[in-house]
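# Based on what follows, work out the 3D shape:
(chains A and B)
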Amino acid sequence: MSTNLGVLPSNAPLKTGKSQRLDSSATGSTAWPSPENYLWFGPGAPGNGFPGQVGPVLRPERFWWIINASLIAHCNTGWQRYDHQIRLVDSVGSPILDLNGNYYFQKANSTEGGAIHTNPWIGSALQAAFFCEANTTYYAQLLSKSSSPNVSYWIGMPHMTMYSYTVGEGGY
Amino acid sequence: MPTNLGALKSDELAPTGRVQIKRGVVDTAQQLSNVVPAGTKYNDGAGGFMQISVTPRYDCRWIVKANMMCHQISNSGTWERLDFMIAISPNDVDGRAVGVQQCTQNFWNNNGSAPIVEWRTYAAYTSFRLAANTAYTASIQHAYSSGWLQTIHTGHLWCRILGRVVGEAEVVT
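Numbers count the residues shown, from 1 in each chain, chains lettered A, B, ... in the order given. Below is the predicted model:
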């Protein structure tokens, strides 16, 4: 479903993408949440602040939506796995498939704490790309996908951030 | 500030996004530690810096991604932390000087006759909000070391910074 240049309205901007950014606010070390729960961006304790979510995005043509999330985490003792996911959801928070049948991108991480670590924080960068339908409202959530005792993540800048942008509007 | 399609100049390229990339040049090493000042730019192994620049014609967002590879070389049997960051100069429209700071962990296993070099790769992603007709430079910079010595690789396969302009002449939120 492509859109020719000649039929684009002259009284509106060219479709060159929309972008937004979500920065975390200073809260500090926070326990890794149980699966299906938000990674919170603060302020305050999880549940009292604002969650890891970008959107809404709604475009008049089909488009690609690129979402990135960065965070750092550490483990107090031993090796521990921790997973997180960028999930495409609708306006009520339910998972919604993109035009390729996908709704999430997930990343597995592992970290170790203990005496041989001087400072065990380690970073993770996750990127998702969804092919989205025209005239449909989307959000993207950053969620935990693991039970990870002894793991904490850091709410605060410049470590924890999300951003998104659209590309390819009308080009398909 | 959005610019309608009908108001764009007909004798210039349509603003559909520009890409900038800088790769490492020579396979060599840059040593970092806790005595190297934060803000020291990563080099490309050939006298240049790992940085890109852009002067947008419209207000826009600048998506910047960095890749690097590192290892530790001095404290055997331990993990040491090394942070790098994507910085911008001048500050972006939101007052941001650092887009993101990424933590790495580096292990050194020096067993004497055959030390194991524990290379690891890392990525960092960020975005900046840019003003039209302003020259910006984004660079990979050293941010923190927990101590001892760490090394980054300056080769083109491992070290790079990539920028992409989005949202030119569109509403930037």
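
# Mind listing the residues bridging to the most centrally placed residue in chain B?
For chain B, B:Ile140 is the residue whose C-alpha lies nearest the centre (C-alpha atoms, centre = their mean; 3.2 Å). Under the criterion DSSP bridges, B:Ile140 forms beta bridges with B:Ile86.

# Does stretch B:59-67 reach chain A?
Yes: under the criterion of C-beta under 8 Å from any C-beta of the partner chain, stretch B:59-67 makes contact with chain A via B:61, B:63. Placement of C-beta: from N, CA and C, glycine included.

# shouldn't A:Ser124 be in contact with A:Asn68?
No: contact criterion C-beta atoms under 8 Å: A:Ser124 and A:Asn68 do not qualify, at 11.2 Å.

# Looking at the two, which is more packed in?
Shown here are A:Ser124 and A:Asn68; by other C-beta atoms under 10 Å in any protein chain shown, A:Asn68 has more neighbours (26 against 21).

# Let me know the helix or strand that that one is in.
In the assignment (DSSP states H and E), A:Asn68 maps to strand A:63-75.

# Now for the residue nearest to the centre of chain B: which residues touch it?
Counting by C-beta atoms under 8 Å, 6 or more residues apart in numbering or on different chains, B:Ile140 touches B:41-42, B:50-51, B:66, B:68, B:84-86, B:159, B:161.

# Quick check: the residue of chain A nearest chain B.
For chain A and chain B, the shortest gap (C-beta to the nearest C-beta) falls at A:Ser10, measuring 2.9 Å.

# what about that residue, neighbour count?
Neighbours of A:Ser10 under the rule other C-beta under 10 Å: 9.

# And the strands in the chain?
You didn't say which chain, so I picked chain A. Counting by DSSP state E, chain A has strands at residues A:19-23, A:28-31, A:53-57, A:63-75, A:78-89, A:104-113, A:122-132, A:138-144, A:151-155, A:161-167.

# that's the wrong chain, I meant chain B
Using DSSP E, the strands found in chain B span residues B:19-23, B:29-33, B:51-54, B:60-72, B:79-89, B:98-109, B:116-117, B:120-130, B:136-145, B:149-153, B:160-166.

# So for the second one, mean pLDDT?
Confidence over strand B:29-33 (mean pLDDT, whole number) is 96.

# what do you get for the last one?
Mean pLDDT, computed over strand B:160-166, is 96.

# For it, list every residue counted as buried.
B:160-166 (16 or more other C-beta atoms under 10 Å in any protein chain shown).

# Can you tell me which of the residues you listed is closest to chain A?
Of all the buried residues of strand B:160-166, B:Val166 has the smallest distance to chain A: 3.8 Å, by C-beta to the nearest C-beta.

# The strands of chain A into TSV, with extra columns for mean pLDDT and distance to A:Asp98?
Listed next are those as TSV, based on pLDDT from 0 to 100; distance: least, C-beta to C-beta, whole Å:
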stretch	mean pLDDT	distance to A:Asp98
strand A:19-23	92	18
strand A:28-31	93	30
strand A:53-57	94	12
strand A:63-75	96	8
strand A:78-89	96	6
strand A:104-113	94	10
strand A:122-132	97	4
strand A:138-144	98	8
strand A:151-155	95	27
strand A:161-167	94	13
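
# for the strand holding A:Asn68, packing partners?
Strand A:63-75 sits against strand A:78-89, strand A:104-113, strand A:122-132, strand A:138-144, strand A:151-155, strand A:161-167, strand B:98-109, strand B:120-130, with contacts defined as 3 or more C-beta pairs under 8 Å, 6 or more residues apart in numbering or on different chains; DSSP states H and E.

# what about residue 80, how many neighbours?
Went with chain A since none was named. The tally of other residues near A:Gln80 (other C-beta under 10 Å) stands at 21.

# my bad, the chain I had in mind was chain B
Applying other C-beta under 10 Å, we find 26 residues neighbouring B:Glu80.

# show me what contacts it?
By C-beta under 8 Å, 6+ apart, the neighbours of B:Glu80 are A:118-119, B:72, B:105-106, B:108, B:145-148, B:150.

# and what of B:Gln51?
Taking C-beta under 8 Å, 6+ apart, we find B:Gln51 in contact with B:22, B:41, B:137-140, B:161.

# cool, and B:Ser145?
B:32-34, B:36, B:80-83.
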